[in-house]
Structures are given as C-alpha cells and as structure tokens.
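Q: here is my input; please provide its structure:
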Amino acid sequence: MYCIRHIRSNFLRRFKTPYLHKLVATLGRSRSTTKTTKDLKSGVRHILNGAMRSVLRWVLAFDGGHRWGHMTTNLVECINYVLKGARNLPVTVLVRSTFYRLNGLFTRNSTEAHERLRNGFTYSEFATKRVEESFRRAGNIVVNRFERRNEMFEVREMQDGTIYIVNLAQRHCDCGHFQVERLPCRHVLACCTNQRLDWQVYVHNVYKMSEICKVYRSEFVTMGDPSTWDRYEGAKVIANWTLRRVTKGRPKSTRYLNEMDSRDIRSPRRCTICGREGHSHSRCPQRAGPNSARGH
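A: Numbers count the residues shown, from 1 in each chain. All right, here's what the predicted structure looks like:
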C-alpha cells in the first residue's frame, strides 16, 4: 500500500523542490493515464529520472483499481482513530479500552447501516452522493453510440470539447474513475441515460447496504466481572526486570516532525477565526469575543 502523503514527504526531502510538492500529490491521485503522462512532462520526469520506473506502483491510474481510490494507508488511519486517547496506558487498561472502543464502533456502525437499509437506501452514502454528483455533471455531455449492443460509446464534454471512449462491456472509461472506484462516472451515466440502460448494473456490490451490513454480523461478547472468569491455566509470563525503567513517572512522549508537518511555503499563515494574516487562532483578538480586543 503506497501512501501519497509519505511519498510526497520523501520526494521533498530527497529533491528539495517545494514548487513540485503539490504536483506529486496530483500525479499520484490522477485516475487517467493520459493526464498522468501530461503531468509527468510538466516538470517531474527530469527530476526523478530513473526513479520513474516505480511510477506504475504508486500512481492511481496504473494500479488496476486495487486501491479503490484510496491514496493513504486508510486502514492504519482508521485504527489510529479508534485508539485515539488510549495511548501511553498500562497494558491491561490499553487492552480493555481497545475492546470497548471497538465494540462501540461496531455497534454504532451496525445500527446506522441497518437503519439506512430499512429506510430503503440501496447503496452507501458515499456511493449515493458520488452518483448524484455525476448525474448533475452528465447533462453537458454529447453521446455517440458505435455498435448495436450498446457497449461502445464516444462521449464529448461540451464545456471543453474533451473526448472520452466508454466501453461498458469492459467497464472502462478513459477518464479512469469508472475502473478505479467501480462506480459509474458521469460519462457512463450519460451513455446509460442516452440509451435508457440501467446504470445500477455498473455499481459494484461492495457499495450495497446489504453487503455493508454483513461486515458487522459478528458481535463482541460481554466480558463480565473478572471474578467470574475461568482460571487461567496457560503459560506464565515473567517480566524481564533488567528492562525496567529507572526513572519514575510517565515517560515523555516524543514525536519527530518531518516534511508532512511543514506548511506550504507559498501559502501565508492565516488565522482560522478572523481569516487575517500574521497570527494564529490561539492569539486572535476575537477568540474570546468581539469585545476582547479592547483590552489589548
């Protein structure tokens, strides 16, 4: 799994070219092979040289749809979100906190998924919003059919005149969104509308609420009071006292910052409260209210 945030960070550390920082992220998220080639010619290829041999691995347009549009280590980020607040705890407390946090997450998501299914929704909220947005953008597309089986189409964007080829049989569109996310893009929806085809055929089953509910079929078992547990008969773990910390108290947590924590040098520092430059939200005069600035 390639994470675009770490790739961008390593790129900046290795080549020291901040002006190409965003271009690397744009290149990695590109779903079109044609657009990827165009972005490569715009300034990255002459810098990377031999390193471009690995472009087929981390660019989304060349991964064959294996990442389903994810560009970060999404599973790791989800686990970090669940365990947030349960770090730097004793082992027993850490295990207990993780258990109840995961149980709460599964119970809450299972309830929401079944409620959405009972309300008549066929697909997930993400898929529904994505299809609705694609339908809104499909109105300015000219469709030309090229064979009688309604499988091969050529579509043209009226806004900029760009032409895309859509192959419904192979579930392929030149824009790349169709094969990456397994959801019909605006070009596919335009073809289906033009020929009165059922667009739901081209939505992958993973987006169906019936399939999402299956994720939460397994349930956590209540632990009960420790006094009611069966006596443990397994191996006894003995701690190595030579590894015990000498200093008392909780150890200081240290986090090493890298390029991912640095701000873009082209974007000025701006307050998130008042929107002005020159200070952060912690020093904003309007933080405690409009009248707080009188005392300064």
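Q: which helix in the protein runs the most residues?
A: Selection of the longest helix in the chain by residue count, based on DSSP state H, yields helix 91-118.
Q: what's the first helix or strand after that one?
A: helix 125-137 (DSSP states H and E).
Q: and the angle for that following helix with helix 91-118?
A: Interaxial angle, helix 125-137 versus helix 91-118 (axes from the mean of the first three to the mean of the last three Cα atoms, to 10 degrees): 50 degrees.
Q: for helix 125-137, name the packing helices and strands.
A: helix 186-195 (3 or more Cβ pairs under 8 Å, 6 or more residues apart in numbering; DSSP states H and E). All C-beta spots, glycine's among them, are computed from the backbone N, C-alpha and C.
Q: on that earlier part again, and the longest helix of the chain, how far out from the chain middle?
A: 21 Å (Cα atoms, centre = their mean, to the nearest Å).
Q: list the buried residues of it.
A: For helix 91-118, the neighbour count (16 or more other Cβ atoms under 10 Å) marks Ser97, Arg101, Ser110, Ala113, Arg116 as buried.
Q: can you tell me, leaving aside adjacent residues, what's nearest to the last one?
A: Spelled out, it's Arg116. Met209 (5.6 Å; Cβ to Cβ, 6 or more residues apart in numbering).
Q: what's the answer for the third one, then?
A: Using Cβ to Cβ, 6+ apart and skipping the chain neighbours, the partner closest in space to Ser110 is Tyr216 (3.6 Å).
Q: give me the neighbour count for that neighbour.
A: 17 (other Cβ atoms under 10 Å).
Q: so it touches Leu105, yeah?
A: No. Tyr216 is not in contact with Leu105 according to Cβ atoms under 8 Å; the separation is 9.6 Å.
Q: coming back round to it: ok, so of the buried residues of helix 91-118, who is nearest Phe62?
A: Ala113 (32.9 Å; Cβ to Cβ).
Q: any idea how far Phe106 is from the closest one?
A: According to Cβ to Cβ, to the nearest Å, Ala113 stands 10 Å off from Phe106.
Q: shared neighbours of the two, anything?
A: Jointly contacting Ala113 and Phe106 under the rule Cβ atoms under 8 Å, 6 or more residues apart in numbering are Tyr216.
Q: right, and the residue nearest to Arg116 touches Asn119 too?
A: No. Counting by Cβ under 8 Å, Asn119 is not a contact partner of Met209; they are 9.4 Å apart.
Q: rewinding a little: the longest helix of the chain - what's its average pLDDT?
A: For helix 91-118, mean pLDDT rounds to 91.
Q: now stretch 142-152
A: 91.
Q: and the end-to-end length of that stretch?
A: 14 Å (Cα to Cα, to the nearest Å).
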